[in-house]
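Colleague: Below is the sequence, then the predicted model.
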Amino acid sequence: MALFVFLNFLFFVIKFKGIFAYTLADYQSQFGDRISRAAAEMHLSLPLLTERFNTAMHFEQKEYLVTMVPLFALMAILLYLMQRRHFVQHLVFSLHFYSFFIVFLIVLPYIILIISWVMRIFSLQVAFFAGDDFLTGIILVVSFSYLLFAARRFYQSNWLVSAIKAAFLSFGVLLLIAYVFRLFLFFAVMHTITEI
């Protein structure tokens with residue numbers, strides 16, 4: 001737990017523009033009416049609301065990553081239901097995974113920089129490595145690799161079972177980040193700026 005809290009603090013203070021760098025424009029197509037209503041209720045122009053939202057998002061986007069830990073633990077409970085473990089045990093597994101995941105997110109921008117630098121040397125296409133498809137792929141591969149060995153060791157399952165469950169957990173991580181966390185952030189930040 002101490003390691004997780006320290007890594008969360010470290011992740012919070014490091015400036016990182018990556019998968020959590022959401023702006024109001026990213027939500028416009030999905031919540032356009034809600035955004036317009038909020039601007040009208042707060043008597044703000046859309047550009048001013050956008051500025052407030054983006055500033056609040058910059059400070060809060062990393063703060064709420066901790067909410068993913070119990071949700072990931074719930075996924076692990078469902079996958080390992082037959083083992084009849086306590087929620088706390090799954091929570092410990094989840095804390096270990098997210099500690100690793102935070103370290104990965106801290107290192108990821110530097111990995112992308114190195115890859116981009118090598119690609120420029122060989123005059124190859126660089127834009128792909130900054131896109132969402134690359135981030136999605138690398139998150140899946142790294143999550144799966146970690147979870148394969150972690151699940152095998154923690155849950156004492158064979159390689160095949162561990163691989164199948166690691167694949168489900170990896171896709172679960174991606175869904176939690178791409179949908180649940182993204183939506184949660186929108187409503188949390190909107191609530192914050194309407195309370196100001």
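Modeller: Structure's in. What do you need? Just so you know, these numbers come straight off a predicted model, no measurement behind them.
Colleague: okay, CA-based contacts and neighbour counts for the rest of this
Modeller: Fine.
Colleague: Gln28 in helix, strand or coil?
Modeller: helix (DSSP: H, G, I helix; E, B strand; the rest coil).
Colleague: burial of it, as a residue count?
Modeller: Gln28 is flanked by 13 other residues according to other CA atoms under 10 Å.
Colleague: just checking, what packs against the host helix or strand of Asp133?
Modeller: In this assignment (DSSP states H and E), Asp133 forms part of helix 132-155. Using 3 or more CA pairs under 8 Å, 6 or more residues apart in numbering; DSSP states H and E, the elements in contact with helix 132-155 are helix 87-121, helix 159-175.
Colleague: Okay, buried residues for that helix please.
Modeller: 135, 139-140, 143-144, 147-148, 150-152 (16 or more other CA atoms under 10 Å).
Colleague: Stretch 86-105 too?
Modeller: So stretch 86-105, judged by 16+ other CA under 10 Å, has buried residues 90-91, 93-102, 105.
Colleague: Show me how far that stretch is from its chain's centre.
Modeller: From the chain centre to the centre of stretch 86-105 is a distance of 13 Å (CA atoms, centre = their mean, to the nearest Å).
Colleague: distance from the centroid: which residue in this protein tops it?
Modeller: Outermost residue of the chain with respect to the C-alpha centroid, by CA atoms, centre = their mean, is His43; its distance is 32.6 Å.
Colleague: gap between that residue and Ile35?
Modeller: 12 Å (CA to CA, to the nearest Å).
Colleague: go on, Gly172?
Modeller: For Gly172, the distance to Ile35 - CA to CA - is 29 Å.
Colleague: Arg153 versus the most centrally placed residue in the chain, what's the distance?
Modeller: Closest residue to the average C-alpha location of the chain: Ile177 at 4.0 Å, with CA atoms, centre = their mean. To Arg153, Ile177 is 25 Å away according to CA to CA.
Colleague: Poorly predicted segments of this protein, please.
Modeller: For the chain, the stretches flagged by pLDDT under 70 are 9, 11-21, 62-63, 124-132, 196.
Colleague: number of nearby residues for Leu48?
Modeller: 12.
Colleague: what's the answer for Leu24, then?
Modeller: The burial count for Leu24: 22, using other CA under 10 Å.
Colleague: For it, which residues are in contact?
Modeller: 50, 53-54 (CA atoms under 8 Å, 6 or more residues apart in numbering).
Colleague: Tell me the one among these nearest to Leu7.
Modeller: Nearest to Leu7 out of the contacts of Leu24 is Asn54 (CA to CA; 23.9 Å).
Colleague: what's near enough to touch the nearest residue to the closest one once chain neighbours are set aside?
Modeller: Closest residue to Asn54 apart from its sequence neighbours, by CA to CA, 6 or more residues apart in numbering: Thr23 at 5.3 Å. Neighbouring residues of Thr23 by CA under 8 Å, 6+ apart: 50, 53-54, 57.
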